[in-house]
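**Q** Turn this into a structure:
(one chain, ligands or ions: 1)
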Amino acid sequence: MREKIRALQKEFDKSAKSASSSKEIEDLRVMFLGRKGLVTSLMQDLKECLPDQKKEFGKLINDIKNSISESLNNSFEYLKACEIEKNTLEEQVDITLPGMKNFLGKAHPISQMIDKMIFILSQMGFSVYHSPELETEYYNYSGLNYPDDHPARDMQDTYYIDKTYLLRSHTTSFQQRVLENHTPPIRMICTGKCYRNETISTRSHVIFHQIDAIYIDKNVSFSDLISIIKEFYSKLFDENVEIRIRSSYFPFVKPGIEVDVKCTICNGNGCRLCKESGWLEVAGAGMVHPEILANGGLDPEVYSGFAWGGGIERVYLLLHGISDIRLFLENDFRFLEQFP
Ligand SMILES: [Zn+2]
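**A** Model (predicted):
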């Protein structure tokens, strides 16, 4: 009898260990403690024992019955709690849903273009000069030789804050500031936002970006200007560009020119981008006017230099065949995401 009780205990321990759900615990309860269970069957075997053994074995069987019952209760509570937790988690987290995408920020296309331009020019020895957007009339116009009656000064074109201050209409406003504070050789660039009171359209906006460069030293020649511009646009467009010069007028240069590069899309054969001309207009430039050098405290007999500049949106429109300048300021992800 003693052996039978021990064997029952062993069997229960083994079965309880492998039970992994509340259903299996319930099955064990029926198997061991049920009306036709193993413990009940052991109780019946007790009848065949001698009277003095009945008491001892009866107590042992009773103890084992209580122990099994307690053990099953504890396991049942524990496994039930685990199942509830698991079910709740499964309800909360639908693992079949697609994962959340991480949004990785990136620079605005105009910032990317500015960074590339600065990188190219810094390799050519130019440094960046930060010039204010809120500028004085002098640095924006008078100091750059703009006559008092020049149409660009008109209220229609320029955002005046008061008689002295305005929002710079071009980054060329940095020239006099540089000349006043630096001694040659000077190789500086300025880039950033400019403001003009224009009607907003596909080709123009009240806010746009420019880049301007100035190079002053002894014996700087016109051919230096052409070679620097050619090298700059070749690197910017990632190919060896051909340059065309047209005569033009800007108050701060003499002579003034406009620079075209051969259309990189059609290789000069004519396409929609270059309006069938085969050329793309990219910059205004020229040799720095002697008056500008004198305004900056430099002797025009000793020093010479060149300056050039252009719109940044314009180059971007050309490079990517974009037809509407307004897209740059609309913060439309569908547009911005196309420029990795
Ligand atoms: Zn073309």
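**Q** what secondary structure does the residue nearest to V288 when sequence neighbours are not counted sit in?
**A** Closest residue to V288 apart from its sequence neighbours, by C-beta to C-beta, 6 or more residues apart in numbering: G305 at 4.4 Å. Yep, even glycine has a C-beta here, placed from its N, CA and C like the rest. Three-state call for G305 (DSSP: H, G, I helix; E, B strand; the rest coil): strand.
**Q** And for K59?
**A** K59 falls in the helix class when you classify it by three-state DSSP.
**Q** Of all residues in the chain, which one is nearest the centre?
**A** The residue lying closest to the centre of the chain (C-alpha atoms, centre = their mean) is K106, at 1.6 Å.
**Q** surely that residue meets P340?
**A** Yes: the criterion here is C-beta atoms under 8 Å, and K106 meets it with P340 at 6.8 Å.
**Q** quick one: contacts of stretch 143-161?
**A** 134, 137, 140-141, 166-167, 169, 172-173, 175-176, 195-198, 251-252, 289, 291-292, 295 (C-beta atoms under 8 Å, 6 or more residues apart in numbering).
**Q** Narrow those residues to those in helices?
**A** In helices, defined here by DSSP state H, the members of the contacts of stretch 143-161 are 137, 140, 175-176, 291-292, 295.
**Q** ok, of those, which one's closest to the ion?
**A** Set against the ion, the nearest of the ones in helices among the contacts of stretch 143-161 by C-beta to the ion is Q175 (32.6 Å).
**Q** Give me the spatial nearest neighbour of the closest one, chain neighbours excluded.
**A** Setting aside the residues directly before and after it, Q175 is nearest to I214 in space (C-beta to C-beta, 6+ apart), at 5.6 Å.
**Q** If that neighbour is in a bridge, with which residues?
**A** M188, A307 (DSSP bridges).
**Q** Quick check: pLDDT value at it.
**A** What the model reports as pLDDT for I214 is 96.
**Q** Tell me, how many residues neighbour G143?
**A** Per other C-beta atoms under 10 Å, the neighbour tally for G143 reads 22.
**Q** measure it to the ion for me?
**A** 38 Å (C-beta to the ion, to the nearest Å).
**Q** shift numbering so it begins at 25
**A** Sure, I'll start numbering at 25, so the last one becomes G167.
**Q** Ramachandran coordinates for that residue?
**A** phi -70, psi -10 (degrees, to the nearest 10).
**Q** Spit out the contact partners of the residue nearest to V312.
**A** Contact partners of G329, counting by C-beta under 8 Å, 6+ apart, are 208, 210, 238-241, 244, 311-312, 317.
**Q** Burial check on the nearest residue to T215 once chain neighbours are set aside, number of neighbours?
**A** Once flanking residues are discounted, T215 sits nearest to I235: 4.2 Å by C-beta to C-beta, 6+ apart. Residues lying near I235 (other C-beta under 10 Å) number 22.
**Q** who's in contact with I235?
**A** By C-beta under 8 Å, 6+ apart, the contact list for I235 reads 138, 141, 195, 213-215, 333-334, 336.
**Q** need these in a markdown table with distance to D181 and neighbour count, can you?
**A** Formatted as a markdown table, the contacts of I235 follow (distance: C-beta to C-beta, whole Å; neighbours: other C-beta atoms under 10 Å):
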| residue | distance to D181 | neighbour count |
| --- | --- | --- |
| I138 | 24 | 18 |
| M141 | 25 | 21 |
| T195 | 16 | 26 |
| I213 | 24 | 23 |
| C214 | 20 | 23 |
| T215 | 21 | 25 |
| G333 | 17 | 22 |
| G334 | 18 | 22 |
| I336 | 19 | 24 |
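**Q** Tell me which entries of those lie within strands.
**A** Using DSSP state E, 213-215, 333-334 are the members of those that sit in strands.
**Q** follow-up on the earlier one: part of a strand, is the residue nearest to the centre of the chain?
**A** No: counting by three-state DSSP, K130 is not part of a strand but coil.
**Q** Pick out the residue of the stretch 25-174 of the chain closest to the ion.
**A** For the stretch 25-174 of the chain, C-beta to the ion, closest residue to the ion: M137, 19.8 Å.
**Q** returning to what we had before: which one among the contacts of I235 gets closest to the ion?
**A** Ranked by distance to the ion (C-beta to the ion), these are led by G334 at 18.1 Å.
**Q** Kindly provide the distance from the nearest residue to that closest one once chain neighbours are set aside to the ion.
**A** Sequence neighbours aside, A307 is the residue nearest to G334 in space, at 3.7 Å (criterion: C-beta to C-beta, 6+ apart). Counting by C-beta to the ion, the gap from A307 to the ion is 18 Å.
**Q** right, and the secondary structure at D248 would be what?
**A** helix.
**Q** Good, we can wrap up now.
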